[in-house]
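J.: Task: produce atomic coordinates for the following.
(chains A and B)
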There are 2 protein chains.
Amino acid sequence: MTEEQFSSYHPPLPPTTEEDRFSWLRLLRSRRVGPTTFRRLMHEHGTAQNALVALPEVARAAGVEGYEICPPGVVEAELKAAKAAQARLLCLGDNDYPLHLAELSDAPPILWLIGDPALLRRPMIALVGARNASSLGTRMARALAQELGAAGFVVVSGLARGIDTAAHLAALPSGTIAVMAGGVDTIYPAENTHLAGDIARQGLRLSEQPMRLTPQARHFPRRNRIISGLAQAVVVVEAAAKSGSLITARDALDQGREVLAVPGHPFDARAAGCNMLIRDGAHLVRNAEDVIVALPALTAPRSQPDLCDLMQQPAPPPKRSLRETAALHSLILDRLGPSPVAEDQLIRDLAASPGEVAPVLVDLELEGRINRQAGGLLSRVN
Amino acid sequence: MTEEQFSSYHPPLPPTTEEDRFSWLRLLRSRRVGPTTFRRLMHEHGTAQNALVALPEVARAAGVEGYEICPPGVVEAELKAAKAAQARLLCLGDNDYPLHLAELSDAPPILWLIGDPALLRRPMIALVGARNASSLGTRMARALAQELGAAGFVVVSGLARGIDTAAHLAALPSGTIAVMAGGVDTIYPAENTHLAGDIARQGLRLSEQPMRLTPQARHFPRRNRIISGLAQAVVVVEAAAKSGSLITARDALDQGREVLAVPGHPFDARAAGCNMLIRDGAHLVRNAEDVIVALPALTAPRSQPDLCDLMQQPAPPPKRSLRETAALHSLILDRLGPSPVAEDQLIRDLAASPGEVAPVLVDLELEGRINRQAGGLLSRVN
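T.: Predicted coordinates:
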């Protein structure tokens, strides 16, 4: 069963009993059940308990033989680890669940929280950027985080080195949220252990992943959709060409978020990604005021919309090459499978130019969605 | 008689005899006759000779007593100086007169040329920027001028220090035009005497001003309209906030030219003007390709339009704050006269905020259109 086809369902009602929450986690931790499939199953079967009963047959009908649902012991271990870490479970549909995030068709069904959940009710801006940031970049991240904090915004970032670290540190007194790629109790990179502790005490850490999960490459793009999903706007503070921050920016555009970027001189390679974003329509950011005036509205996020209605609304206006790139992503992934294909062959099949395809392949590789092998062979990661 | 009210006349037929050219120059060098009034007088009186006869009465009717037309000796001296400098006279309506420039309602009735007039038939891009340019800025100007030259464009600039000098130098082999603020034979700044000689030999220098005129502050904005008027696009390579290059950019927008700018990091004050332009809608420039793709068409400029028709066409779409600033310019100039007015009073009269008005006042002062006196008093320069 694929994830992308069932995004038009109403969000499920949140669980109300311990048993119900246990079943939610068990359904979500079952193999091949992502956020969208979770929502589809809940829609079709009414409760997580019913969905768990039906799941093996659903899998068989989809051609997956010998499917087994997640054993209860796995969920028990996750709950025990959460208790040890003083993590709190927040379910899609709960009152505290952030409204902007709930609007996504692939909104995480659950989030583990460590820290102050009240931050989720305040307006949020994401600051993201390079891990190997320049001195200018980290100074800019610090200045923006402080100014946005002073203006009442919570600063969301990913606890990575460089820009993320500078943004979290500067926003600690005013409010900051770290979205983790692995378990909410699993600090990565290790050098940010102290900062992660400060954020748990003064801010908020959250993750949709199981407790104790060590993040791998493929978890980062999933995490990035939460960063941009929480925020009203995503500011790319510093990013080279073909960097992970550009993937976050593209995802943010797909989610209908404002994307903004801090420019740099074209001779500074570390500004190439940001300049590309601005050239393609992202707002230019010189200071926090530029961010604030670019927001669609200064009020609180709107109330949770009917997703079926959302699906029938006209698509937002195209954002030029970023959206075209996203389309090329899908085309490439459609054509690739687990068996390696020559890059030349792929480019011919797509009837595209190497110059168009090459940067997209780099993106997909960074996202951990394709593998590059010796001899120019490509395969899809499943 | 004011200059702004009579811009909808057809351009006059160019002079065909020596006597006719003499009368054109004499009319144009008469006091209070600028390009727009020149065109109006030619429209009303058919020939420059007739206009010269009528001029004293026209002046008297406009309330100017004791008006005298330009003495013939002044024109004789200008023609003698032009001969000595090997300068050629080009009149509006002549075959060689650049079509893009002729489209302006205040197109110069005459231009003095030293160098190769064939350059005026090729597509042109203006590169402008700070006199006190940074090393990054001059490197960028050089790179853009070389790449644009290689792509077949003539590089137009103003022979100033910094960005202008770098652009002219790099474009010497491929083609460059220096538009002078004073006489075409009067090199300013003196340190560019050698470069000006090279441009006369390998490129083209031109000016609408009388020969031997030493440029003063008020001549530079007039000159800048010719730089942007010649070009299909104006690239601001480096400019601080409130710099003269931004005036050129605003004029270029008013003329319907593409405006582009090279970004820089917000912490670099020398990039503030360019970043402001990009934020307000100018195209971001990383290299010559970004300039070329932003051009409205890669073909030769279109044939000379009927100016009356142009006046009836809908105005181009508003360009946000740059155009608003231009409107504020007019409002301020309307309210100021030769008698000093307090800045506070002016701001109250305009019902505007000091933050809006202050930068516009700086522009106007730079343009030499207002005077600032002790005690916050402002007056209009006539």
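
J.: from here on, contacts and neighbour counts on C-alpha atoms
T.: OK.

J.: what separates the residue in the stretch 1-150 of chain A that chain B sits nearest to from B:Glu238, distance-wise?
T.: Closest contact between the stretch 1-150 of chain A and chain B, by CA to the nearest CA, is at A:Leu136 (7.6 Å). Here the criterion is CA to CA, to the nearest Å. By it, A:Leu136 lies 19 Å from B:Glu238.

J.: what about stretch A:293-303, average pLDDT?
T.: Across stretch A:293-303, the average pLDDT comes to 60.

J.: any chance you could map the strands in chain A?
T.: A:88-91, A:110-115, A:124-128, A:154-157, A:176-179, A:204-207, A:233-236, A:258-261, A:283-284, A:341-342, A:370-373, A:377-380 (DSSP state E).

J.: Mind telling me which of the ones you listed the model trusts least?
T.: strand A:370-373 - the lowest mean pLDDT of those, at a mean of 67.

J.: A:Ala87 versus A:Glu147, what's the distance?
T.: In terms of CA to CA, A:Glu147 sits 30 Å off from A:Ala87.

J.: So which of those two has more stuff around it?
T.: Between A:Glu147 and A:Ala87, counted using other CA atoms under 10 Å in any protein chain shown, the more crowded position is A:Ala87 (22 against 18).

J.: Look up the residues forming beta bridges with the nearest residue to that one once chain neighbours are set aside.
T.: Closest residue in space to A:Ala87, ignoring its immediate chain neighbours: A:Ile114 at 4.8 Å, by CA to CA, 6 or more residues apart in numbering or on different chains. Beta bridges link A:Ile114 to A:Arg205 when assigned by DSSP bridges.

J.: need the contact list for A:Ile114.
T.: Contact partners of A:Ile114, counting by CA atoms under 8 Å, 6 or more residues apart in numbering or on different chains, are A:85-88, A:184, A:200, A:204-206.

J.: Which one's more surrounded, A:Leu136 and B:Glu238?
T.: B:Glu238 (33 against 16).

J.: mind listing what that one touches?
T.: B:128-130, B:133, B:137, B:163, B:261-263, B:270-271, B:273-274.

J.: Restricted to helices, list those residues.
T.: Counting by DSSP state H, the contacts of B:Glu238 place B:137, B:163, B:273-274 in helices.

J.: ok, the residue positioned nearest the centre of chain A to A:Pro14 distance?
T.: Nearest to the centroid of the C-alpha atoms of chain A, with distances taken as CA atoms, centre = their mean, sits A:Arg225, at 1.9 Å. Going from A:Arg225 to A:Pro14 by CA to CA gives 22 Å.

J.: ok, back up a step: which among the ones in helices among the contacts of B:Glu238 gets closest to chain A?
T.: Nearest to chain A among the ones in helices among the contacts of B:Glu238: B:Gly137, at 9.0 Å, using CA to the nearest CA.

J.: how near is the residue lying closest to the closest one once chain neighbours are set aside to B:Gly273?
T.: Leaving aside its sequence neighbours, B:Gly137 sits nearest to B:Glu238 (CA to CA, 6+ apart; 5.7 Å). Between B:Glu238 and B:Gly273 the distance is 7 Å, computed by CA to CA.

J.: Domain-wise, how is chain A divided?
T.: A:3-70+A:314-380, A:84-294 (automatic domain parsing).

J.: before we move on, back to that, so which of the strands of chain A comes closest to A:Arg218?
T.: Among those, the nearest to A:Arg218 by CA to CA is strand A:370-373 (10.0 Å).

J.: can you tell me which of the strands of chain A comes nearest to B:Ala217?
T.: Short answer: strand A:283-284, nearest of these by CA to CA, at 32.8 Å.

J.: correct me, but A:Asp164 touches A:Val128?
T.: Yes - using CA atoms under 8 Å, A:Asp164 is in contact with A:Val128, at 5.8 Å.

J.: neighbour-wise, which of those two wins?
T.: A:Val128 (34 against 26).

J.: what are the bridge partners for the more buried one, then?
T.: Going by DSSP bridges, A:Val128 forms beta bridges with A:Val236.

J.: List the contacts of it.
T.: A:157-158, A:163-164, A:234-238, A:245.

J.: who wins for neighbours among those residues?
T.: A:Glu238 (33 neighbours).

J.: I'd like to know how far that one sits from A:Met211.
T.: As defined by CA to CA, A:Glu238 lies at a distance of 31 Å from A:Met211.

J.: circling back to that earlier point, would you reformat the domains of chain A as CSV and include distance to B:Gly281?
T.: Listed next are those as CSV, based on distance: least, CA to CA, whole Å:
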stretch, distance to B:Gly281
domain A:3-70+A:314-380, 15
domain A:84-294, 10
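
J.: for these, which one sits closest to B:His283?
T.: The nearest among these, by CA to CA, is domain A:84-294 at 6.8 Å.

J.: Tell me the spacing between A:Glu19 and B:Pro11.
T.: 87 Å.

J.: Of the two, which one has the most company?
T.: For A:Glu19 versus B:Pro11, neighbours defined as other CA under 10 Å are more numerous around B:Pro11 (24 against 11).

J.: The more buried one contacts B:Arg40, correct?
T.: No - applying CA under 8 Å, one finds B:Pro11 not in contact with B:Arg40, separated by 9.2 Å.
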